[in-house]
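> Just to be clear, the model below is a prediction. Sequence and coordinates:
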Amino acid sequence: SFEQLARAATELGLPWDCQWAPYAYAFDTTIGVDEFVARMDGRQRRELSRRNRRLVRDHACGLRREEGLALEDDLVRFETFMRIEDSGWKGANGTSIRRRAGYEPFFRGLIRSASRGRQLVWYTLRADERPIAMYLAMQTHDTLWLPKIGYDESFAAHAPGMVLEHNVLLEC
């Protein structure tokens, strides 16, 4: 798939770069939730629990998973995602989808293609009915790909990205 993506980007004249991403992980989702949580580092588990408790204490929260939406609805979710992603450090550093040359058209094409193929999945963490973190995800067969996350930095004290990621992993 990467070779096809690289070839398509080159043919379209889109800038791209390949680097080893040491932060990419694969998780064993064949184990139960209790074992998954037990395998987590104790310090990380306590920090996650503390952030989650604070978030739930301060806000009415919920996690929403959406898939199989109409293309128009997926494009609306994409706009929301880009707004959240661009609102913080990614926007300030020019690394958000909106600020990088060629990224927005590329991702719009990806959204259209994944939507038509019924592969697109949106995970949204909401606080007081407001989206505060989102994952742009794609599912192919039994694999869930999580290529992009965005979160509202005004909720940084609650670590919404970490809370969202943990909830997605628990669901898997």
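In hand now; what should we look at? Numbers count the residues shown, from 1 in each chain.

> Now do the same contact list for Gly36.
For the record, residue 36 is Phe, not Gly. Contacts for Phe36 (CB atoms under 8 Å, 6 or more residues apart in numbering) come out as 27-29, 169-170. All C-beta spots, glycine's among them, are computed from the backbone N, C-alpha and C.

> pLDDT score assigned to it?
With respect to pLDDT, Phe36 scores 82.

> separation between it and Gly62?
From Phe36 across to Gly62, the span is 21 Å (CB to CB, to the nearest Å).

> can you pick the most crowded of the contacts of Phe36?
Leu169 (17 neighbours; other CB atoms under 10 Å).

> so Pro147 sits in a strand?
Yes. Under DSSP: H, G, I helix; E, B strand; the rest coil, Pro147 falls within a strand.

> The closest residue to it other than its chain neighbours sits in which helix or strand?
Of all residues not flanking Pro147 in the chain, Leu136 sits nearest, at 6.3 Å (CB to CB, 6 or more residues apart in numbering). Using DSSP states H and E, Leu136 falls within strand 130-140.

> Go through that strand and flag the buried ones.
Within strand 130-140, the residues that count as buried by 16 or more other CB atoms under 10 Å are 131-138.

> Next: stretch 35-55.
36, 48, 51-52, 55.

> now the helices for the chain?
2-12, 33-39, 42-58, 71-86, 89-92, 103-116, 160-171 (DSSP state H).

> Report the beta-bridge partners for the residue nearest to the spatial centre of the chain.
Central residue of the chain (CA atoms, centre = their mean): Tyr135, 2.0 Å from the mean position. In this entry, Tyr135 is beta-bridged to Tyr123, Ile149, by DSSP bridges.

> repeat for the one 4 residues further on
Applying DSSP bridges to Gln139 gives these bridge partners: Leu144.

> hang on, it packs against Val121?
Yes. Gln139 lies in contact with Val121 (CB atoms under 8 Å); the separation is 5.4 Å.

> And for the closest residue to Glu171 other than its chain neighbours, the neighbour number?
The shortest distance from Glu171 to any non-neighbouring residue, by CB to CB, 6+ apart, is to Arg65 (7.0 Å). The number of residues packed near Arg65 is 13, by other CB under 10 Å.
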